[in-house]
Structure formats: structure tokens, C-alpha cells
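Asks: When you get a sec, could you give me coordinates for this:
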Amino acid sequence: MPAQYGPQKFSEAITHFRNKVDIPSERWADVWREQHNSAFMVAGATKTELLADIRQMVDSAIAEGKSLSWFQREFKHLVKKHGWDHTGSAAWRANIIYDTNMRQAYNAGRYQQLQNFPLWRYAHGDSRYPRPHHQDKDGTILPKESPFWLTWFPQNGWGCKCKVFGETERSIQRKGRKLSKEPTIETREWVDKKTGEVHYVPVGIDPGFDYSPGSKSQADVLRQQQLSKPPLKERLPERVVPSAYSTNKNVTVYGLNKVISELSQVQPQIRQVTDFITTYGMKTLFLKPTEMVRGSKKAKELEEDITSYLNVPISKAYANWPVPSNTARRANGYT
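Replies: Got it, this is the predicted structure:
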């Protein structure tokens, strides 16, 4: 199950992600280990505009608890918009980007929260194909200062669902647990086939995942590399509408924000609309006529996505349509 946040905002995770610097790159390994704490990158996304658009999608997913199906749908539109020739299928690639960024933002947020606990406990995540080395670490309890956490703080590989929980001396006594012995971390040799560089990776951890999400040592270096580029806000239109659910591949939240931004330059009254959207946290949907008819096949297919996006039961969503379905049909659509 992908990392999901639901209606509750995880401020530490959101802050961690928004503090990152955009780094266009050809390969995932171009940004190594703890550099990922300060860099946002997507393998193969070498254009700044493409990377910025993907970042907006990931930001929405983290901050608003967007579903994987929403992300995959938006990803398809984005790929077409930029003509990006990525590796793998669109669904698979979207899942990798979504899952990794959601989990690592969550883990970084948890790392900050766990500073309040003197002891940390490793918990193996439920997985269809569990990693034996991760299972072996389940229940390990060590002081937060232990070197173990410098390499074994999740995520410890692609799709890893392991977590860390905070403990105290009193809590482990109450649970009948005890402090673990400091583990010996064995390493294996891994060679970067492109550069020929040799890395020594802890056994059981995927290459590049052996780091703690709390480290910020690379932030200043990465920001220095980006000084020659304009800020992200200058490369993107003003984002008045934070998100939009659309079944029309030619209508996206990015295009909507661009239009609103351009209109507000020549028609100041548009600002009243944007202020209303911002103040009341309005959500935007773009639906086709046949998708508005309650009980229709297409409407039923969208119910799960719509309820996930609006975070309300489908009955309440239907009850709050400002116009009835037949009116929307005659109008050739509904927004």
C-alpha cells in the first residue's frame, strides 16, 4: 500500500520536501545517499520545466494526501505535455516517483519527531515479498545516537515499508523488551556501471539508501549549484488553485493556474476569485457530461477517485453539485 497521509497534514514531512532544491539529472545515482535529503530529482528529468511540474505534483500528493491513481493520471498528462520519453510504463514510473517521495518525506518527518525519544525501535513493514535482512532487524531497540541509524533508518530500499518508533526506558520495560546489542554492519561491494566508482553498501540495503533522512550536510552545496538558475516561483505561473481533479487530458491544474495568472494581470477583479479560492480552500473538478449522471457506469468508475480527492462520501459530493446532472448535460460539461 503506498504511503498516504489522508486529511491530516504532516507538517514536518511537508517542510522537508519543500526545502529541497531541484536537481535535473539523468540517473537516480547522480544524486547519492544523503544528498536526496536536500535534492529533488527524477531520473531522466533533465529539463527544469519538466522537473518543476513533477515537483508540483509530488508536493500536492504529500501536502494534500493525493491518491496514487490521481498521481498516475496527472503523470500521463504531464508526460504528453513535455514529450518526455521516460523508461518503463507510465503507470510503473508514476508509482515509483509517488511511492519513493511519499515514503521518504514521511520518514524525514518521523526522524524529526523521533528526536524527542531517547530510544528508537525498528519495525519491519508488511510486504508481499519481505527482505530477510529487514525482517532480522525487526524489534531492534537502540539509542537514537547509535551509528546503526545512520544507515538503517528507513527507507532502506525500493518499496521498503519499514518504520521506526520512539521508545523510552519505561515503555520498553512495560512491553517486556530490552535494549539490543549494537549490530555489526556488514558491507558489500557495489560498482556503478556508468562511472566505475566502487561503493561499499550495507548488506540488505539497496545502493544509495544507506543514509539517515535527518542529515542536511549537502543542502548548502546543492543550493550553490542552483544559484545561476531563477527561483522555482519565477519559472512557474502563480499557483492560485492548489489542485484540480480532471477527466479531460487537456485540462490540468497547471494550465488552469496559468490562465488565472494571465487574466489577473489584465483584469484585477480576478483577484477576488483567487482570494476566495485561497481563503476557503476550494477544490476544483472538471467532469464530462456523462460522468455527472448519478448511477451511470462512468460516474461509478470515478466515485473512488472523487471521494478520495474531496475527502467526503460520494453521497455528500453529489448533494453539493451546484447544478443538477441534466443541466450539466445540456451545458456540455461541468466544472
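
Asks: How about His199, nearest residue that isn't a chain neighbour?
Replies: Spatial nearest neighbour of His199, chain neighbours left out: Trp190 (4.9 Å); criterion: Cβ to Cβ, 6 or more residues apart in numbering. For the C-beta atoms, the positions are set from N, CA and C on the backbone; glycine is no exception.

Asks: Which other helices and strands does the helix or strand that neighbour falls within contact?
Replies: Per DSSP states H and E, Trp190 falls inside strand 187-191. Secondary-structure packing of strand 187-191 (3 or more Cβ pairs under 8 Å, 6 or more residues apart in numbering; DSSP states H and E): strand 198-202.

Asks: what angle sits between the strand holding Trp190 and strand 198-202?
Replies: 140 degrees (axes from the mean of the first three to the mean of the last three Cα atoms, to 10 degrees).

Asks: So Ser38 is in contact with Lys20, correct?
Replies: Yes. In terms of Cβ atoms under 8 Å, Ser38 counts as a neighbour of Lys20; the distance is 6.0 Å.

Asks: Start and end of stretch 37-54, how far apart?
Replies: Taking Cα to Cα, to the nearest Å as the measure, stretch 37-54 stretches 17 Å from start to finish.

Asks: From the chain's centroid, how far away is that stretch?
Replies: Centroid displacement of stretch 37-54 relative to its chain, using Cα atoms, centre = their mean, to the nearest Å, is 13 Å.

Asks: For Trp120, grab phi and psi.
Replies: phi -120, psi 140 (degrees, to the nearest 10).

Asks: so how far is Lys144 from it?
Replies: In this view, Trp120 and Lys144 are 5 Å apart by Cβ to Cβ, to the nearest Å.

Asks: More neighbours: which of these two?
Replies: Trp120 (24 against 18; other Cβ atoms under 10 Å).

Asks: per-residue pLDDT, that one?
Replies: Confidence at Trp120, expressed as pLDDT, is 97.

Asks: I figured it hits Ile141, correct?
Replies: Yes. Trp120 is within contact range of Ile141, at 7.2 Å (criterion: Cβ under 8 Å).

Asks: residues shared between the contacts of Trp120 and Lys144?
Replies: Leu114 (Cβ atoms under 8 Å, 6 or more residues apart in numbering).

Asks: Would you agree Val251 falls within a strand?
Replies: No. Assigned with DSSP: H, G, I helix; E, B strand; the rest coil, Val251 falls outside any strand and is coil.

Asks: Would you check that it makes contact with Leu287?
Replies: No. Assessed by Cβ under 8 Å, Val251 is found out of contact with Leu287, at 10.2 Å.

Asks: Could you check which of these two has the larger neighbour count?
Replies: The neighbour comparison of Val251 against Leu287 (other Cβ under 10 Å) goes to Leu287, with 20 against 16.

Asks: doesn't Thr247 make contact with the more buried one?
Replies: Yes. Contact criterion Cβ under 8 Å: Leu287 and Thr247 qualify, at 5.8 Å.

Asks: Setting aside sequence-adjacent positions, which residue approaches Phe165 most closely?
Replies: Nearest to Phe165 is Arg121, by Cβ to Cβ, 6+ apart, at 4.8 Å.

Asks: Three-state assignment for the one you found, please.
Replies: Under three-state DSSP, Arg121 comes out as strand.

Asks: who does it bridge with?
Replies: Ile141, Phe165 (DSSP bridges).

Asks: what residues are up against it?
Replies: Counting by Cβ under 8 Å, 6+ apart, Arg121 has contacts Gly139, Thr140, Ile141, Val164, Phe165, Gly166, Glu167, Ile172, Arg177.
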